[in-house]
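Visitor: Build me a model from this:
(one chain, ligands or ions: 1)
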Amino acid sequence: MTEEIAHNIYRIGVPLTGNPLKELNSYFIRGKDRDLLIDTGFRNQECFDVLTGELKKLGSDIARRNVLLTHMHADHSGMADLVAGEERKIYISEKDRSYMQNFMRGQMRRWQEDRYTKEGMPHELVLDVFNTNPSRQQAMKSLDSRFTALNDGDHIEVGEYRLEAIYTEGHTPGSMIFYIRDKQIMFTGDHVLFDITPNITIWPYVDDSLGSYLENLQRVRNFDVKLALPGHRKTGDYRGRIDTLSGHHAERLAEALAIVSADPGSCGYDIAGRMKWKIRADSWETFPKVQKWFALGECLSHLDHLIRTGEIKKKAENGIWRYYAV
Ligand SMILES: [Zn+2]
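Guide: Next comes the predicted model:
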């Protein structure tokens with residue numbers, strides 16, 4: 001389950017049972033007097049047992065252990081406070097730290113409830129997702145004083161390695177990737193995944209998260225990367241994958257625009273239902289509820305981008321946003 005992928009860098013596969021992502025890649029870097037664990041898994045017993053069991057096998061002492069989070073999502077951050085040493089640090093970007101705080105205070109939920117309802121998702125369904133979405137149930141509940149904010153260009157030293165923080169807003173508002181320049185190793189978080197497409201959704205105070213994501217794919221494309229270490233599943237060709245992901249979103253933008261042009265006045269929820277999804281369901285009606293939530297978020301990030309580029313516009317009609325091609 002655990003493999004050494006470079007000198008003193010280990011990949012620990014943390015199972016995400018029942019989740020289409022299957023596994024979280026947690027990376028353990030052995031240092032001299034401090035070790036570093038990158039991402040942790042959901043806050044549940046199974047993730048905890050596997051992660052702490054594998055760390056024990058590696059001879060890792062919690063008192064020496066700092067934790068680094070690539071982004072706020074619960075499958076990455078869920079156990080951060082449980083696996084970091086009491087006197088150590090938990091690093092996360094400044095921005096994701098404040099979004100986590102908003103999330104914990106319920107501000108995010110109020111914003112999402114309002115936006116998803118205005119995009120035509122039935123209100124009962126929105127409330128149902130809040131109560132069943134596992135990433136809400138298996139998240140950290142509060143931030144303690146070990147949380148340390150990182151900004152673009154900051155460095156973390158661990159043993160023979162120096163990790164450079166690169167800010168990549170998109171997948172989350174404060175998503176970061178980490179580069180070991182002299183070894184050409186990149187921890188890509190969920191910014192670049194290889195056999196699944198990172199989910200791009202909508203966020204409060206972000207007008208065009210897909211636009212930011214696409215810009216930040218280009219921004220990091222020219223780094224020389226021999227070994228890409230993603231947040232989930234397998235590695236692959238870094239630059240080639242960035243091009244594929246950019247192409248994928250160009251196709252999805254064209255698809256969303258075609259739907260809006262063919263059915264002017266549709267709401268986001270109906271447009272999402274007409275887009276193609278890689279999911280086993282006969283129709284939008286039988287689509288699993290939580291997956292409908294993710295699909296709508298993904299669809300809206302594309303609609304927001306088309307508004308930004310001036311290709312479509314939206315109008316509120318009886319409290320629901322309706323989309324029109326320009
Ligand atoms: Zn994520």
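Visitor: going forward, measure contacts and count neighbours with C-alpha atoms only.
Guide: OK.
Visitor: Put the alpha carbons of the host helix or strand of residue 124 into CSV.
Guide: Secondary structure assigned from DSSP states H and E places residue 124 in helix 123-132. In CSV, the C-alpha atoms belonging to helix 123-132 read as follows (Å, rounded to 0.1, in the frame of the first residue of the first chain):
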residue,chain,number,x,y,z
HIS,A,123,-34.8,23.4,-2.9
GLU,A,124,-35.5,20.0,-1.2
LEU,A,125,-32.7,18.5,-3.3
VAL,A,126,-30.3,21.2,-2.2
LEU,A,127,-31.1,20.5,1.5
ASP,A,128,-30.9,16.8,0.9
VAL,A,129,-27.4,17.1,-0.5
PHE,A,130,-26.3,19.2,2.5
ASN,A,131,-27.3,16.3,4.8
THR,A,132,-25.9,13.4,2.8
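Visitor: gap between residue 81 and residue 316?
Guide: Residue 81 sits 43 Å away from residue 316, going by C-alpha to C-alpha, to the nearest Å.
Visitor: what about the very next helix or strand once past the helix holding residue 124, average pLDDT?
Guide: Next helix or strand after helix 123-132 toward the C-terminus (DSSP H and E): helix 134-137. For helix 134-137, mean pLDDT is 76.
Visitor: Now do helix 134-137: distance to the chain's middle.
Guide: Here helix 134-137 is found 14 Å from its chain centre; the criterion is C-alpha atoms, centre = their mean, to the nearest Å.
Visitor: what does stretch 226-238 give?
Guide: In terms of C-alpha atoms, centre = their mean, the gap separating the centre of stretch 226-238 from the centre of its chain is 15 Å.
Visitor: So residue 285, which state does it fall into?
Guide: Assigned by DSSP: H, G, I helix; E, B strand; the rest coil, the conformation of residue 285 is coil.
Visitor: oh, I was asking about residue 14
Guide: From three-state DSSP, the assignment for residue 14 is strand.
Visitor: Residue 23 is in contact with that one, correct?
Guide: Yes. With contact defined as C-alpha atoms under 8 Å, residue 14 reaches residue 23; the gap is 5.4 Å.
Visitor: Out of the two, name the residue with the larger neighbour count.
Guide: The neighbour comparison of residue 14 against residue 23 (other C-alpha atoms under 10 Å) goes to residue 14, with 26 against 20.
Visitor: if I pick the more buried one, what's in contact with it?
Guide: By C-alpha atoms under 8 Å, 6 or more residues apart in numbering, the contact set of residue 14 is 23-26, 40-41, 47, 50-51.
Visitor: separation between it and residue 143?
Guide: With C-alpha to C-alpha as the criterion, residue 14 and residue 143 are 22 Å apart.
Visitor: go on, residue 151?
Guide: In this view, residue 151 and residue 143 are 18 Å apart by C-alpha to C-alpha.
Visitor: do the same with residue 23
Guide: Distance, residue 23 to residue 143, using C-alpha to C-alpha: 25 Å.
Visitor: Please pull out the lowest mean pLDDT helix or strand from the protein.
Guide: Lowest by mean pLDDT, DSSP states H and E among the helices and strands of the chain is helix 134-137, with a mean of 76.
Visitor: Whichever helix or strand comes after it pairs with which strands, parallel or anti?
Guide: Remark: after helix 134-137, the chain's next helix or strand is strand 147-150, criterion DSSP H and E. Paired strands of strand 147-150, with direction, are strand 90-93 (parallel) (DSSP bridges).
Visitor: So what touches the partner strand?
Guide: Contact with strand 90-93 is made by 66-72, 80-81, 84, 146-151, 167, 174-176, as judged by C-alpha under 8 Å, 6+ apart.
Visitor: taking those residues one by one, which sit in strands?
Guide: Counted as lying in strands by DSSP state E, out of those, are 66-68, 147-150, 167, 176.
Visitor: among these, which two are most distant?
Guide: Comparing every pair within those by C-alpha to C-alpha identifies 66 and 167 as the most remote, at 19.9 Å.
Visitor: From residue 158, how far out is residue 214?
Guide: 31 Å.
Visitor: Also residue 281?
Guide: Distance of residue 281 to residue 158, computed by C-alpha to C-alpha: 46 Å.
Visitor: Compare those two (neighbour count), which wins?
Guide: residue 158 (17 against 11).
Visitor: what are the bridge partners for that one, then?
Guide: Taking DSSP bridges as the rule, residue 158 bridges to residue 161.
Visitor: Surely it and residue 38 touch.
Guide: No. Counting by C-alpha under 8 Å, residue 158 stays clear of residue 38, with 11.7 Å between them.
Visitor: And for residue 107, the neighbour number?
Guide: When neighbours are defined as other C-alpha under 10 Å, residue 107 has 13 of them.
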